[in-house]
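J.: this is the structure alone, sequence omitted:
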């Protein structure tokens with residue numbers, strides 16, 4: 001079985017076909033969040049701190065960190081993003097002990113993040129574009145880290161799943177030329193919005209199966225892409241995730257502070273026999289009881305975790 005190993009200073013997370021689904025928290029990202037972007041430019045990290053703690057409390061196993069702020073004072077991200085990436089990563093790993101996913105389109109920011117990160121982070125990302133392959137794969141090799149491989153190339157994003165599979169295969173093969181094994185490639189097959197393409201769900205499920213069976217790679221996606229433009233998006237996401245898990249998807253970059261999506265993932269883990277004795281589902285049911293009683297998701301999760309720790313101490 002393919003296993004992609006991520007590490008923080010104190011914790012190991014394994015992405016794999018026989019492992020619980022890996023939730024990668026997406027919230028530390030200023031894209032589309034004007035308030036967060038303004039805070040980061042001003043040196044205010046209060047929202048980053050809140051998002052880091054809340055996502056982990058709600059069940060994120062890995063945190064994606066993106067520092068892609070276009071400064072009003074300096075619009076060149078090659079100058080501004082690397083030092084900001086280093087600063088955000090140092091802050092986040094001082095608050096939580098989960099592995100990180102270093103997310104940037106700027107190679108210098110990726111390297112700055114790799115230099116600052118403790119353990120073995122996930123690098124996000126490389127594509128099939130020639131320039132990107134030549135810039136990012138040497139970093140993956142140098143730091144011995146796994147990488148997200150996005151299935152688009154110099155021709156753009158294809159609506160044809162066969163072409164997206166071919167791009168993923170190309171990246172895996174090029175990575176092998178650098179001595180990077182397939183277990184360190186996590187392919188993002190690119191989920192299309194089902195509101196714009198009715199076959200998007202069935203298409204990605206079939207593509208994930210091919211990536212698992214033919215290339216033997218783990219997979220991820222931006223889970224909310226499937227519901228883009230639709231009303232009541234969380235219901236669509238909550239249906240999509242277990243179906244993707246059943247097809248073989250092993251992780252997703254998503255918002256973990258939504259109980260409906262996290263409940264769907266916990267149930268899918270149980271049904272896929274990735275939850276020993278149903279222990280995690282039972283624990284999560286207590287979280288849902290806390291939410292029903294008026295607590296926030298993060299508060300209920302923290303209380304259940306604390307109660308579990310207390311029981312273990314008493315047994316000892």
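T.: Looks like it arrived, so ask away. Keep in mind the model is a prediction, meaning the values are calculated, not measured. Numbers count the residues shown, from 1 in each chain.
J.: what about the strands in this structure?
T.: Ranges of strands in the chain, per DSSP state E, are 3-7, 12-16, 22-28, 62-66, 100-103, 122-127, 147-150, 185-188, 218-219, 251-254.
J.: closest one to residue 302 among those?
T.: strand 22-28 (15.5 Å; Cβ to Cβ). The C-beta positions use only the backbone N, C-alpha and C, and glycine is treated the same way.
J.: still on that earlier bit, can you add mean pLDDT and distance to residue 85 and give the strands of the chain back as CSV?
T.: Output for the strands of the chain, formatted as CSV (pLDDT from 0 to 100; distance: least, Cβ to Cβ, whole Å):
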stretch, mean pLDDT, distance to residue 85
strand 3-7, 98, 18
strand 12-16, 98, 21
strand 22-28, 98, 11
strand 62-66, 98, 7
strand 100-103, 98, 7
strand 122-127, 98, 12
strand 147-150, 98, 16
strand 185-188, 98, 20
strand 218-219, 98, 24
strand 251-254, 98, 17
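J.: format these as CSV; extra columns: mean neighbour count.
T.: Shown next, in CSV, are these (neighbours: other Cβ atoms under 10 Å):
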stretch, mean neighbour count
strand 3-7, 20
strand 12-16, 18
strand 22-28, 26
strand 62-66, 25
strand 100-103, 28
strand 122-127, 25
strand 147-150, 27
strand 185-188, 27
strand 218-219, 28
strand 251-254, 26
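J.: any idea which of the ones you listed gets closest to residue 267?
T.: The closest of those to residue 267 is strand 22-28. By Cβ to Cβ, the value is 13.7 Å.
J.: hmm, back to that, right, and the strands of the chain - which one's nearest residue 116?
T.: Closest approach to residue 116 among the strands of the chain is made by strand 100-103 (8.8 Å; Cβ to Cβ).
J.: where along the stretch 151-300 of the chain do the helices fall?
T.: Assigned helices in the stretch 151-300 of the chain, in chain order: 161-177, 200-210, 233-247, 259-271, 279-292, 297-315 (criterion: DSSP state H, counting those that start in this stretch).
J.: got a markdown table for those helices, with mean neighbour count too?
T.: Below are the helices of the stretch 151-300 of the chain laid out as a markdown table (neighbours: other Cβ under 10 Å):
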| stretch | mean neighbour count |
| --- | --- |
| helix 161-177 | 19 |
| helix 200-210 | 19 |
| helix 233-247 | 19 |
| helix 259-271 | 20 |
| helix 279-292 | 16 |
| helix 297-315 | 14 |
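J.: for residue 89, find the nearest of those helices.
T.: When the helices of the stretch 151-300 of the chain are compared (using Cβ to Cβ), the closest one is helix 297-315, at 22.0 Å.
J.: state the distance from residue 255 to residue 8.
T.: 21 Å (Cβ to Cβ, to the nearest Å).
J.: and what of residue 160?
T.: 38 Å.
J.: higher neighbour count, these two?
T.: Ranked by neighbour count (other Cβ atoms under 10 Å), residue 160 and residue 8 place residue 8 first, with 20 against 9.
J.: test my guess that the more buried one contacts residue 95.
T.: No - Residue 8 sits out of contact with residue 95 when judged by Cβ atoms under 8 Å, with a separation of 11.3 Å.
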